[in-house]
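J.: Sequence and computational prediction follow.
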Amino acid sequence: MTMMSPESPAINAASFVNAPAATVAKVVGDPLGYPGFMRTIDRVKVVQKTGNTTVYDWQWSLAVFHLKGRHAMTVYQPPPGRRSQGYRITVDSISGDLGAGRFSLRLYPVSADRTLAVLSIRMDMRRANYVVRQMAKATRSINRSANISLAATTLLSMRRAVETRAGHQPKAGAVHTLGKPSLDP
């Protein structure tokens with residue numbers, strides 16, 4: 001019999017962003033802009049800024065819930081002369097309704113106008129507010145499902161905002177219609 005680790009596994013997601021890595025880092029490194037493009041944040045207040053670290057409070061209001069928390073973000077620039085190593089941005093959850101954890105975003109320049117964004121999230125909702133803890137207790141998959149949703153929402157919202165600011169126009173996709181497949185019984 002194998003015992004499951006009490007630690008929640010990290011959820012990793014990656015996406016190409018059609019903008020320079022420096023532009024991505026600038027947008028993501030400014031939490032005051034989050035309410036403009038993150039659907040899961042309504043309000044941000046910077047509490048302290050020291051060097052490359054910003055401590056900020058966030059709020060998100062839903063019909064039934066009002067969630068809030070405090071995060072500490074640190075932005076690491078690539079070493080001089082080694083831009084290919086990219087940027088690293090970490091966000092530690094100091095306190096809040098969603099529990100304890102960390103977001104880690106790596107931004108690797110692929111070309112002058114394209115970046116590979118790799119997001120790793122590990123939020124432990126067993127250390128959240130009472131309601132979220134009860135949801136996490138209901139079934140083991142809730143914590144992972146919430147982390148997957150948070151990772152996808154964060155990465156895709158960030159990508160859309162950065163590409164819009166960089167002036168990238170997505171290519172028009174082909175229109176797909178539903179049709180009856182041809183089957184050979």
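T.: Perfect, thanks for sending it. Numbers count the residues shown, from 1 in each chain.

J.: any idea which helix or strand of the protein has the worst average confidence?
T.: Taking mean pLDDT, DSSP states H and E as the measure, the chain has helix 130-138 as its least confident helix or strand, at a mean of 64.

J.: Return the list of helices and strands in contact with whichever helix or strand comes after that helix.
T.: Proceeding N to C from helix 130-138, the next assigned helix or strand is helix 141-165, under DSSP states H and E. Applying 3 or more C-beta pairs under 8 Å, 6 or more residues apart in numbering; DSSP states H and E, one finds that helix 141-165 contacts strand 11-17, helix 21-28, helix 34-37, strand 114-124, helix 130-138. Backbone N, C-alpha and C define where each C-beta goes, glycine included.

J.: make it 6 Å
T.: strand 11-17, helix 21-28, strand 114-124, helix 130-138 (3 or more C-beta pairs under 6 Å, 6 or more residues apart in numbering; DSSP states H and E).

J.: if we compare these, which one ends up closest to Lys68?
T.: Among the helices and strands packed on helix 141-165, helix 130-138 comes nearest to Lys68, with 12.2 Å by C-beta to C-beta.

J.: what ranges of this structure fall below the confidence cut-off?
T.: Along the chain, the model assigns pLDDT under 70 to residues 1-8, 97, 124-143, 172-176, 185.

J.: 90 instead?
T.: 1-12, 36-42, 58-70, 79-85, 93-103, 121-158, 161, 164-185 (pLDDT under 90).

J.: Would you convert the helices and strands packed on helix 141-165 into TSV that also reports mean neighbour count?
T.: Shown next, in TSV, are those (neighbours: other C-beta atoms under 10 Å):
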stretch	mean neighbour count
strand 11-17	16
helix 21-28	21
strand 114-124	20
helix 130-138	14
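
J.: With distance to Arg88 added, can I get these in JSON lines?
T.: Below are the helices and strands packed on helix 141-165 laid out as JSON lines (distance: least, C-beta to C-beta, whole Å):
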{"stretch": "strand 11-17", "distance to Arg88": "14"}
{"stretch": "helix 21-28", "distance to Arg88": "9"}
{"stretch": "strand 114-124", "distance to Arg88": "10"}
{"stretch": "helix 130-138", "distance to Arg88": "28"}
